[in-house]
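Peer 1: Build me a structure from this.
(one chain, ligands or ions: 2)
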Amino acid sequence: MKTKSGFVTIAGRPNVGKSTLMNRLIGENLSIITDKPQTTRKRILGILSEENYQIIFLDTPGMLNPKYLLQEKLVEYIKLSLKDADVIVFMITIKDLMKEEKFYESEDFQKMILKSKKPVILVINKVDLTNSDRIGSAISLLEKENIFKRIIPVSATEGYNVSYVLDTIIEFLPEHPKYYPDDQLTTETERFFVSEKIREKILEIFHDEIPYSVEVYIEEFKERAKGKDYISAVIVVERNSQKPIILGKKGAKIKKLGNLARKSIEDFLGREIYLELRVKVSENWRKNERELKNFGYD
Ligand SMILES: Nc1nc2c(ncn2[C@@H]2O[C@H](COP(=O)(O)OP(=O)(O)OP(=O)(O)O)[C@@H](O)[C@H]2O)c(=O)[nH]1
Ligand SMILES: [Mg+2]
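Peer 2: Ligands and ions are numbered 1, 2, ... in the order given. I've put the predicted structure just below:
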């Protein structure tokens with residue numbers, strides 16, 4: 001049997017479950033997942049290798065109308081990822097589909113997805129939240145439009161139809177030798193994943209503006225032959241007034257954050273670490289080209 005390999009970009013609005021689906025398909029917690037929209041900020045590459053195929057998934061930030069420089073960068077990542085794609089998995093939730101039956105007529109869908117002329121698989125996610133009659137009629141309406149190679153109702157959290165999504169992706173994958181060694185899971189660095197795990201915990205603990213105002217970078221990552229690895233990370237906020245919120249009364253909040261993040265990083269790395277966190281203010285970093293570059297948004 002010939003080998004099939006290719007790039008599969010998962011795209012869709014914020015919070016529809018793109019990262020949840022990618023993690024499920026790969027079987028690893030690569031992308032961070034939270035209940036807040038705009039969790040994913042970069043294109044995250046996850047590789048699934050089997051004997052006869054290799055899928056390189058690109059998890060992307062949610063599609064939105066950019067309102068500041070960081071969001072413009074996110075839209076650029078989506079465009080780049082769509083350009084790289086052999087197959088596109090477009091995700092929508094059943095709830096959003098009910099609200100906007102003709103979502104495929106929207107400008108961003110037309111421009112970004114349809115114009116690419118690539119095979120698009122439509123995944124209707126979160127069907128666990130809706131009754132099945134409504135799902136069936138929504139799908140039969142869409143099938144008449146002939147836009148999608150396949151339309152698949154899914155529950156990414158419960159695993160419903162996830163293996164069907166996988167089989168469908170493989171069906172549309174081009175014949176091509178593998179791009180990466182079989183044992184390679186991603187191209188991102190440990191540093192990147194560590195900073196993401198910290199950001200995930202921040203998004204879980206804090207509310208309102210904080211999740212959107214925070215960036216995390218790793219200042220030092222020292223692997224030590226004897227004893228735990230030493231990691232020091234910086235939490236960047238946008239305004240002076242946000243610093244005490246992160247710290248909490250007598251540092252209680254950041255201590256809690258440190259504990260949660262450390263556990264999650266240890267789970268991910270499979271070894272114990274020592275984690276140090278500090279908070280820094282970078283005035284309006286989300287709108288600052290140079291600062292965004294520093295944080296790896298190129
Ligand atoms: N009920 C239900 N919730 C889901 C399902 N899939 C994902 N979620 C939840 O939806 C929320 C968003 O999931 P993510 O995977 O972070 O969504 P995303 O599309 O990657 O979001 P952004 O990165 O912000 O664009 C999380 O709270 C998930 O647990 C599903 O099938 N059913
Ligand atoms: Mg995501």
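
Peer 1: all contacts plus neighbour counts: C-alpha atoms, from now on.
Peer 2: OK.

Peer 1: Would you report the backbone torsion angles of residue 209?
Peer 2: Here is the backbone geometry of residue 209 (degrees, to the nearest 10): phi -80, psi -20.

Peer 1: do you know how far it is from residue 237?
Peer 2: 10 Å (CA to CA, to the nearest Å).

Peer 1: Tell me which of those two has more neighbours.
Peer 2: residue 237 (25 against 10; other CA atoms under 10 Å).

Peer 1: any idea of the pLDDT on that one?
Peer 2: Predicted confidence (pLDDT) for residue 237: 98.

Peer 1: now do the one 3 residues further on
Peer 2: Listed pLDDT for residue 240 reads 98.

Peer 1: I figured it hits residue 247, correct?
Peer 2: No - assessed by CA atoms under 8 Å, residue 240 is found out of contact with residue 247, at 11.8 Å.

Peer 1: Now find how far off-centre the worst-scoring helix or strand of the chain on mean pLDDT is within its chain.
Peer 2: When the helices and strands of the chain are scored by mean pLDDT, DSSP states H and E, helix 132-143 comes last with a mean of 89. Here helix 132-143 is found 27 Å from its chain centre; the criterion is CA atoms, centre = their mean, to the nearest Å.

Peer 1: What of stretch 210-223?
Peer 2: Per CA atoms, centre = their mean, the centroid offset for stretch 210-223 relative to its chain is 17 Å.

Peer 1: Alpha carbons only: can I get that stretch in PDB?
Peer 2: Extracted C-alpha coordinates of stretch 210-223, given in PDB (Å, rounded to 0.1, in the frame of the first residue of the first chain):
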ATOM      1  CA  ILE A 210      -6.900  39.200  32.100                       C
ATOM      2  CA  PRO A 211      -7.000  36.100  29.800                       C
ATOM      3  CA  TYR A 212      -6.700  38.400  26.800                       C
ATOM      4  CA  SER A 213      -4.100  40.700  28.300                       C
ATOM      5  CA  VAL A 214      -1.600  38.000  29.300                       C
ATOM      6  CA  GLU A 215       1.400  36.500  27.600                       C
ATOM      7  CA  VAL A 216       3.800  34.100  29.000                       C
ATOM      8  CA  TYR A 217       7.400  33.500  28.100                       C
ATOM      9  CA  ILE A 218      10.200  31.300  29.500                       C
ATOM     10  CA  GLU A 219      13.100  33.200  30.800                       C
ATOM     11  CA  GLU A 220      15.200  30.200  31.900                       C
ATOM     12  CA  PHE A 221      14.900  26.500  31.400                       C
ATOM     13  CA  LYS A 222      17.800  24.600  33.000                       C
ATOM     14  CA  GLU A 223      17.900  20.900  32.700                       C
END
